[in-house]
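> Below is the sequence, then the predicted model.
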Amino acid sequence: MSEVKKIATRESYGNALAEIGEEYKNLVVLDADLAAATKTGVFKKAFPDRHIDCGIAECNMMGIAAGLAATGKIPFASSFAMFAAGRAFEQVRNSIGYPKLNVKIGATHAGISVGEDGASHQCNEDVALMRTIPGMIVMNPADDIEAKAAVRAAMEHQGPVYIRFGRLAVPVINDNPDYKFEIGKGVVLRDGKDVTMITSGLPVSECLAAADKLAGDGIDAKVINIHTIKPLDSELVIEAAKETGKVVTVEEHSVIGGLGSAVCDVLSENYPAKVLKIGINDVFGESGPAVELVKKFGLDAESIYKRVKGFC
Amino acid sequence: MNTVELKRTANDIRKGIINAVYHAKCGHPGGSLSSADIFTYLFFEEMNIDPKNPKKEDRDRFVLSKGHVAPGYYSTLANRGFFPTEDLETLRKLGSYLQGHPDMKHIPGVDMSSGSLGQGISAAVGMALSAKLSKDDYRVYTLLGDGEIQEGQVWEASMFAGHRKLDNLVVIVDNNGLQIDGAIADVCNPYPIVDKFKAFNFHVIEADAHDFESLKAAFDEAKKTKGMPSAIIAKSTKGKGVSFMENQASWHGAAPNAEQYAVAMADLEKAGEV
């Protein structure tokens, strides 16, 4: 078997912007002194006049994005998730969300897989924050293909969008000719009747591997990739709960307020089911190699397999 | 308009402010009154705008960074013909489009929602940058409070505007010297304001916020300034025009009762006889 291709979704972000830059002349990319890390540098090289470095001032960057959007440009404001969603939360809420301005927020370095930079930079709260803003679309693509599709979909959507990207290279899993991306539509990656794993972002490929292992133990797991956390594909989630009874959510985010909470919100009102939430358990991260952190915080295939098995 | 007409217009705007806040039973009259002449000059003399076509593409943009003085902004827009002056009495009421702070989604003539201090200037900077990027000629004006400049974001935005040489941007500071908790110099001193904006690479102009000749000279100078943004530090009197509100921090965010309303309107009636 050939080596699986791995690409960090932050790379996909920069590449996607550069790819669509020619087509959309009103696309403007903003960064806050992190163009080398958020990978918007690729766009800067191709379209230097439409890449605006705002310096280390994320709150102001969000306001500038609002002003650009209010005058017909389509800005992609880029920074690490910690600063885009965390530091600038109120600017995103009041200057972008409230007036429903057409701003796209590209948030890289989300979650524990930031690695060595440690807890100060490992944002496990951004989905919780962003999904409380009325009208905000929240996406968390799982691989290169989905990340690029998400950027294009965000560009074509009228209104504010938050897209969460990772620093760590992740396997390309959507490399098939029939691949289609639609905002708000979950994707069933594997069918199963015993339990449903609902996941997004980095853990998606880990869940697929965990499902293979569970099959060896006679547990037939369904795997749903929810690339759009808001609006959530409620229909698909309810249908899956009806089919398999048990539901497991897996996210590289706090178990408070993220995908797991969003799924529970839907199920508690529509089809109460037992849900196991796998994620960051209300703790801060720490420094270390990303792959080891993913294991330590229980988001690798083996850890997921064990917890799902214990749940079934 | 000549100076007498501008004064009469400003006086009508002040009446609208008092009327709106009185009927709302809350709101921010002090800073609205100190800004009234600046609003008048901007919307009746300076800016390229059309009340019949509030969204026309080449219009000059205005962002009220000190969003709490919405009564002053709304009264100006109403008197300029963007919506009926009678609607001012619906300010802050349930179902009214005249929200407590500016709402661009629902109010004709409002180019940006604002209210959280320090944020409006960033949006204005974004608009000025936008015009530069697409080589449009419109100019962008934003009005800040002198207490508001305690917000760090104001200086992030100013640094960027200076760096990008946004000479299509005019930042106006309504320097009435008072904020909710007292004198700005006592609460957390932002002076020297002129030197601060100079240090952030602005062309700084000092003006009398209640003298239309002074305001005209300031805005004309800003228009002539190339290669850097302009800041107009406009010395004003909080509560200007209403005897018992002048220079009183307590009138920052309070509504007059019926008796006070009568006195205020009488003050403005008298002032209108110019």
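Cool, the structure landed.

> what's the neighbour count on the nearest residue to A:Leu17 once chain neighbours are set aside?
Closest residue in space to A:Leu17, ignoring its immediate chain neighbours: A:Phe43 at 4.2 Å, by Cβ to Cβ, 6 or more residues apart in numbering or on different chains. In short, each C-beta sits where N, CA and C put it, glycine included. Neighbour count of A:Phe43, defined by other Cβ atoms under 10 Å in any protein chain shown: 28.

> mean confidence score for the helix or strand containing A:Phe43?
Under the criterion of DSSP states H and E, A:Phe43 resides in helix A:41-46. On average, the pLDDT along helix A:41-46 is 96.

> Give the buried residues for it.
A:41-44 (16 or more other Cβ atoms under 10 Å in any protein chain shown).

> next one: stretch B:94-113
B:96, B:98-104, B:107, B:109-113.

> which outside residues touch it?
A:66-67, A:70, A:94-95, A:98-100, B:20, B:27, B:49, B:51, B:54, B:61-64, B:67-68, B:70, B:73-74, B:77, B:80, B:82-83, B:87-88, B:90-92, B:114-115, B:120, B:123-124, B:127 (Cβ atoms under 8 Å, 6 or more residues apart in numbering or on different chains).

> make it 6 Å
A:70, A:98-99, B:54, B:61-64, B:67, B:70, B:74, B:77, B:82-83, B:90-92, B:114-115, B:123 (Cβ atoms under 6 Å, 6 or more residues apart in numbering or on different chains).

> what does stretch A:95-109 give?
Taking Cβ under 6 Å, 6+ apart as the rule, stretch A:95-109 contacts A:10, A:13, A:38, A:63, A:65-66, A:69, A:74-78, A:80-81, A:84-85, A:133, A:135-136, A:154, A:158-165, A:167, B:104, B:113, B:119, B:123.

> I figured B:Ile205 hits B:Ala234, correct?
No. No contact is recorded between B:Ile205 and B:Ala234 when judged using Cβ atoms under 6 Å, the distance being 9.0 Å.

> Look at the two and report which has more neighbours.
Taking other Cβ under 10 Å, B:Ile205 and B:Ala234 do not tie; B:Ala234 has more neighbours (27 against 22).

> Look at the more buried one and give its secondary structure.
Assigned with DSSP: H, G, I helix; E, B strand; the rest coil, B:Ala234 falls in the strand class.

> if I look at the closest residue to it other than its chain neighbours, how far off is B:Lys238?
Distance criterion Cβ to Cβ, 6+ apart; nearest residue to B:Ala234, sequence neighbours excluded, is B:Ala209 at 3.7 Å. Noted for B:Ala209: a distance of 10 Å to B:Lys238, by Cβ to Cβ, to the nearest Å.

> which neighbours do these two share?
The contact sets of B:Ala209 and B:Lys238 do not overlap (Cβ under 6 Å, 6+ apart).

> one step back: now, of the contacts of stretch A:95-109, which are buried?
A:10, A:13, A:38, A:63, A:65-66, A:69, A:74-78, A:80-81, A:84-85, A:133, A:136, A:154, A:159-165, A:167, B:104, B:113, B:119, B:123.

> Which members of those are positioned in helices?
A:10, A:13, A:38, A:63, A:65-66, A:69, A:81, A:154, B:123 (DSSP state H).

> what does the stretch 101-250 of chain B put close to chain A?
Residues of the stretch 101-250 of chain B lying close to chain A (Cβ under 6 Å from any Cβ of the partner chain) are B:104, B:112-113, B:116, B:119, B:122-123, B:125-127, B:130, B:153, B:156-157.

> Grab the two from those residues that are most spread out in space.
B:Met104 and B:Glu156 (21.9 Å; Cβ to Cβ).

> re earlier: distance to A:His121 for the buried residues of stretch B:94-113 - can I get that in TSV?
As requested, the buried residues of stretch B:94-113 are exported to TSV (distance: Cβ to Cβ, whole Å):
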residue	distance to A:His121
B:Ser96	44
B:Leu98	43
B:Gln99	37
B:Gly100	37
B:His101	34
B:Pro102	35
B:Asp103	36
B:Met104	34
B:Ile107	40
B:Gly109	43
B:Val110	38
B:Asp111	36
B:Met112	32
B:Ser113	31
